[in-house]
Every structure is written in C-alpha cells, then in structure tokens.
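>>> I would like to see how this sequence folds:
(one chain, ligands or ions: 3)
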Amino acid sequence: MENKCKNNILLIGFMGVGKTTIGKLLAQKLNRKFIDIDEEIEREFDMPVSQIFKNIGEKAFREREKELITSLTEKQLKIISVGGGAFLQQEIRQLCLASSIVIFLDLSFEGWKDRIDLIIVSRPVLHGKSIEEMEKLFYYRQEIYANHHLKITSDNKDAEEIADEIVRKLIVDFDIFV
Ligand SMILES: Nc1ncnc2c1ncn2[C@@H]1O[C@H](COP(=O)(O)OP(=O)(O)O)[C@@H](O)[C@H]1O
Ligand SMILES: O=C(O)C1=C[C@@H](OP(=O)(O)O)[C@@H](O)[C@H](O)C1
Ligand SMILES: [Mg+2]
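Ligands and ions are numbered 1, 2, ... in the order given. The predicted structure is shown next:
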C-alpha cells in the first residue's frame, strides 16, 4: 500500500521537461513553499549553473546538489524541483523516495527536441553535444527517472494543464489536502 503520509512533493525528469516551471505553479495551487535546487545553488555561488560548471566544475555542483536536497527534504510541506541530473546519485534517489512524493514529468524525445532552443544556452551538459549524443543521454537518463511514485505524461500539454493534473492526482491518490 502506497505510503500516503509523505509531505514533500518533488519533481524529477530530464532537463527542459518543465520541473521548475510546473513546480512554481504547483506551489501556488497548493499554497506551499517552492524550492528550486538549481536556483538555490546559483544564489549561493552568485552565478548561473553554466558558469558554475565552467568555473568551479560539475563535481562541486553535484556535491552541493546532494547537500541541499538532503537538508531540504528533512523539512516538510514543500514543492521541490531538482535538476535533471540529481537522481544520478543513488543516495539522493533513496532519500527522496523515502521522504517525498516523487513525480516524474515524462516527455518524449520528439517533444523534448522542440524545446532545445529554449534551454541549450543554460544547460552546460548539452553544450558541444550533437543531437545524436543528446538523444543517447536522454534515453540513458530515463532509467533513473523510473524511480518515482507518480508519472505524468507531458507531451502536448501546457504547464498549467500538467500542474492541474498533478493536483488532481495528489488529492485522489495521495490524500494531499489543498
Ligand atoms: N508544458 C510545457 N509546454 C511547453 N513548454 C514548456 C512546458 N513546461 C516548461 N516549458 C518551457 O520549457 C523550458 C524549460 O522549462 P523548465 O521549467 O526550466 O524545465 P526544467 O526545470 O525541467 O529544466 C522553459 O522555457 C519553459 O517555459
Ligand atoms: O540534467 C542535468 O545534469 C542538469 C540539469 C539542470 O537542471 P534542469 O533539469 O532544471 O534543467 C541543472 O541541474 C544542470 O544543468 C545539470
Ligand atoms: Mg529546472
């Protein structure tokens, strides 16, 4: 039986699927605090993620990503959007699955390709990659997103529609009170 007393709501999925956008909408609809892990790290380092990767390195980013997610999931009743690579770390996966309702925003590669122009500048992981290499990374990462409590198919739906669908499912399937 699903453990329904988890109180944080955490969004996962590949970069560009809408975790940050939809997390903000969800927080408004559920009247909860919203935390975007990338935005927190950018605030701390006072530079965009792309510059952190370039100037400080991905290793430091991943270490801080794990520290922040660990500390933030200890406190409850938040909407947390993590970066697309957070679930690469097994400790983060285990911690989030145990402490939060993990929602996977599932977008097809065809649907994702339409967003490349929107995200390419700010996603250093994509820099220098051919579309074939991006596709390989996309499908490789799908395995880590299989660790979730709720999957929302996201193709051909706008952010509001997805946020409303999540609220409905949280109320019906997870006893979340609005
Ligand atoms: N459902 C959607 N339909 C179309 N575009 C979207 C949708 N959700 C997000 N976007 C757009 O895609 C880009 C990436 O969204 P973002 O929330 O930053 O994704 P993530 O946090 O998963 O990387 C933004 O330009 C955003 O406006
Ligand atoms: O998939 C990844 O490895 C990353 C995704 C990004 O977050 P979004 O998924 O919000 O773009 C950000 O954490 C960083 O660029 C690394
Ligand atoms: Mg994001």
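
>>> for ligand 3, what is the nearest residue in the protein?
Residue nearest to ligand 3 within the chain: Thr20 (3.4 Å; CB to the ion). C-betas here are computed from N, CA, C, even on glycine.

>>> which residues touch that residue?
Applying CB atoms under 8 Å, 6 or more residues apart in numbering, we find Thr20 in contact with 36, 38-39, 81.

>>> now narrow those residues to whatever sits close to ligand 1.
Near ligand 1, judged by CB under 6 Å from any ligand atom, the entries from these are Ser81.

>>> what does the chain have sitting close to ligand 3?
19-20 (CB under 5 Å from the ion).

>>> how about the residues of the chain by ligand 2?
Counting by CB under 6 Å from any ligand atom, the residues of the chain that sit close to ligand 2 are 15-16, 19-20, 38, 49, 83-85, 123-125.

>>> what's the local residue count around Gln28?
Using other CB atoms under 10 Å, Gln28 has 11 neighbouring residues.

>>> so Leu118 touches Gly16, yeah?
Yes. With contacts counted by CB atoms under 8 Å, Leu118 reaches Gly16, the gap being 6.8 Å.

>>> okay, those two: which has more neighbours?
Gly16 (24 against 10).

>>> what's the nearest residue to Ser81 if we skip its chain neighbours?
Gly23 (3.6 Å; CB to CB, 6 or more residues apart in numbering).

>>> Glu160 now?
Excluding the flanking residues, the one nearest Glu160 by CB to CB, 6+ apart is Leu25, at 6.4 Å.

>>> the one you found looks like it's in a helix, true?
Yes. Under DSSP: H, G, I helix; E, B strand; the rest coil, Leu25 falls within a helix.

>>> list the contacts of it.
159-160, 163.

>>> put the buried members of those residues into a ChimeraX selection.
Buried subset of the contacts of Leu25, written as a ChimeraX selection, criterion 16 or more other CB atoms under 10 Å:
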select :159,163
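
>>> and Thr153, its phi and psi?
phi -70, psi 130 (degrees, to the nearest 10).

>>> so Lys29: helix, strand or coil?
helix.

>>> my guess is it contacts Glu165. True?
No. Between Lys29 and Glu165 there is no contact under CB under 8 Å: 11.1 Å.
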